[in-house]
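Asker: Sequence first, then the predicted structure, then my questions.
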Amino acid sequence: QVQLVESGGGLVQAGGSLRLSCAASGSIFSINVMGWYRQAPGKQRELVATIVSGGSTNYADSVKGRFAISRTNAKNMVYLQMNSLKPEDTAVYYCNLLNPDGVAYWGQGTQVTVSS
């Protein structure tokens with residue numbers, strides 16, 4: 001089992017910044033993919049960004065150039081730096097870890113609210 005705990009959400013004005021953190025513990029393979037997803041009210045959960053343990057990243061088009069994902073493998077941490085936030089970024093943000101055995105784990109989510 002893997003446990004994921006997010007932190008860093010909150011309320012921010014449009015144009016502001018927030019940094020999300022996620023701590024992973026448990027049965028974590030050294031090679032894995034960690035990422036952030038988000039779900040706005042009435043919408044499906046969507047990919048925000050992912051990062052492989054080797055460092056390769058992938059971003060949703062809507063956040064490219066504004067968000068940056070990073071990780072610290074030694075501490076099993078993943079981060080999401082969010083800049084130039086927009087009201088449409090408002091959502092619950094979920095941390096995700098995908099082990100090479102195909103099993104995915106989710107955190108409990110952290111609310112990000114961007115006011116206009």
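Answerer: Here it is on my side, so go on. Residues are numbered from 1 along each chain as shown.

Asker: Nearest spatial neighbour of the residue nearest the centre of the chain, chain-adjacent residues omitted?
Answerer: With distances taken as Cα atoms, centre = their mean, the residue of the chain nearest its centroid is Trp36 (2.4 Å). Closest residue in space to Trp36, ignoring its immediate chain neighbours: Val48 at 4.3 Å, by Cβ to Cβ, 6 or more residues apart in numbering. In this view, the C-beta of every residue, glycine as well, is placed from N, C-alpha and C.

Asker: Correct me if wrong: the one you found contacts Arg66.
Answerer: No. Contact criterion Cβ atoms under 8 Å: Val48 and Arg66 do not qualify, at 10.6 Å.

Asker: Looking at those two, which is more packed in?
Answerer: Here Val48 and Arg66 are compared on neighbour count by other Cβ atoms under 10 Å; more neighbours surround Val48, at 24 against 15.

Asker: helix/strand/coil for that one?
Answerer: Per DSSP: H, G, I helix; E, B strand; the rest coil, the local secondary structure of Val48 is strand.

Asker: now Ser62
Answerer: Per three-state DSSP, the secondary structure class of Ser62 is helix.
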